[in-house]
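A.B. asks: When you get a sec, could you give me coordinates for this:
(2 chains, ligands or ions: 2)
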Protein chains: 2
Amino acid sequence: MLTPSMEDYLETIYELMKEKGYARVSDIATILAVQPSSVTKMIQKLDEKNFVTYEKYRGLVLTPEGEQLGRNMKQRHRMLEDFLRLLGVGESTIRKDVEGIEHHISPSTMRSLQSLVLFFQEYPEYQRAFERFRRLQAGTAEDRSTENLKVMDE
Amino acid sequence: MLTPSMEDYLETIYELMKEKGYARVSDIATILAVQPSSVTKMIQKLDEKNFVTYEKYRGLVLTPEGEQLGRNMKQRHRMLEDFLRLLGVGESTIRKDVEGIEHHISPSTMRSLQSLVLFFQEYPEYQRAFERFRRLQAGTAEDRSTENLKVMDE
Ligand SMILES: [Mn+2]
Ligand SMILES: [Mn+2]
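C.D. replies: Ligands and ions are numbered 1, 2, ... in the order given. Now for the predicted structure:
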């Protein structure tokens, strides 16, 4: 089992490897907004689990299993962003919600969500119908439940 | 700001009050699978935040603000269940995923998800179209990506 924190690290290391070809402790620390010492500790744990390893000259690299997991994390993150975007959620809320939600999505839930995203992409007329429906809903909901939502927005 | 744990407590106390008219420490402990001493500690915190209070004869009760929050938690939980059920996710996965996801859903994301659930309820022909699409997807996906998903299911 991976912890949410391990998932974030694997995703970040995977992204850095793809972008730059290497993943430095300082870059990981900046992206995840943690201390370099925390990064070092987590890398040790990921090393024990055989998800990362150190190679002479190249430095930190993902093992094949680590790379597979990192790719999965990245795909899941992107898919959730696409899904919330499709629902009309704003970008800053998407960023915040996805960082939390992604760690609690089972593979089977992910497959179903992915299908829904593809479904709307394949049938844009259904997506437009939903879009109209959502705007109408938002209009009528505003009058009656602004109070409820204020409490939750706090 | 409420912590995920506070949200679970408020939801549970709200449910017990609705079902039985009172919320006993022992019942809360059983439902949340925690020690009674943890319940007592959390009730103190919720009391400090004015979400619960003790009334002579009645015992633990929710304040109006606590009741509002508990109701919101309960609605959010139900709505997420409805949403995943609509996607065709299995019941045990729904239970597991919702307990994690619910704490990371912003009010605006919740409103959009709610609209999607209502949209499919209002237009069952679209839901059937999605259902067919999803089954087709699941069939073709099985061949090529069983390997990927195995890694994540672990
Ligand atoms: Mn992420
Ligand atoms: Mn819940």
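
A.B. asks: and A:Ser37, how many neighbours does it have?
C.D. replies: Per other C-beta atoms under 10 Å in any protein chain shown, the neighbour tally for A:Ser37 reads 10. Quick note: C-beta positions are derived from backbone N, CA and C, even for glycine.

A.B. asks: now the one 3 residues further on
C.D. replies: A count of nearby residues for A:Thr40, using other C-beta under 10 Å, gives 12.

A.B. asks: A:Phe119 now?
C.D. replies: A:Phe119 has 20 nearby residues by other C-beta under 10 Å.

A.B. asks: Run through the residues of chain A sitting next to ligand 1.
C.D. replies: Chain A has residues A:Glu11, A:His77 near ligand 1, with proximity defined as C-beta under 5 Å from the ion.

A.B. asks: Mind listing residues that contact stretch A:59-66?
C.D. replies: Stretch A:59-66 is contacted from outside by A:10, A:13-14, A:17, A:22-25, A:43, A:46, A:50-55, A:70, B:151, using C-beta atoms under 8 Å, 6 or more residues apart in numbering or on different chains.

A.B. asks: Give the buried residues for it.
C.D. replies: A:Leu60, A:Val61, A:Leu62, A:Gly66 (16 or more other C-beta atoms under 10 Å in any protein chain shown).

A.B. asks: quick check, the second one in a strand?
C.D. replies: Yes. The assignment for A:Val61 is a strand, going by DSSP: H, G, I helix; E, B strand; the rest coil.

A.B. asks: center of chain A - which residue?
C.D. replies: A:His77 (2.6 Å; C-alpha atoms, centre = their mean).

A.B. asks: Same list (the buried residues of stretch A:59-66) but as TSV, adding distance to ligand 2 and pLDDT.
C.D. replies: Listed next are those as TSV, based on distance: C-beta to the ion, whole Å; pLDDT from 0 to 100:
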residue	distance to ligand 2	pLDDT
A:Leu60	39	93
A:Val61	40	93
A:Leu62	35	95
A:Gly66	33	97
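
A.B. asks: how many neighbours does A:Gln127 have?
C.D. replies: The number of residues packed near A:Gln127 is 14, by other C-beta under 10 Å.

A.B. asks: of all the buried residues of stretch A:59-66, which two lie farthest apart?
C.D. replies: The span of the buried residues of stretch A:59-66, defined through C-beta to C-beta, is set by A:Leu60 and A:Gly66 at 10.2 Å.
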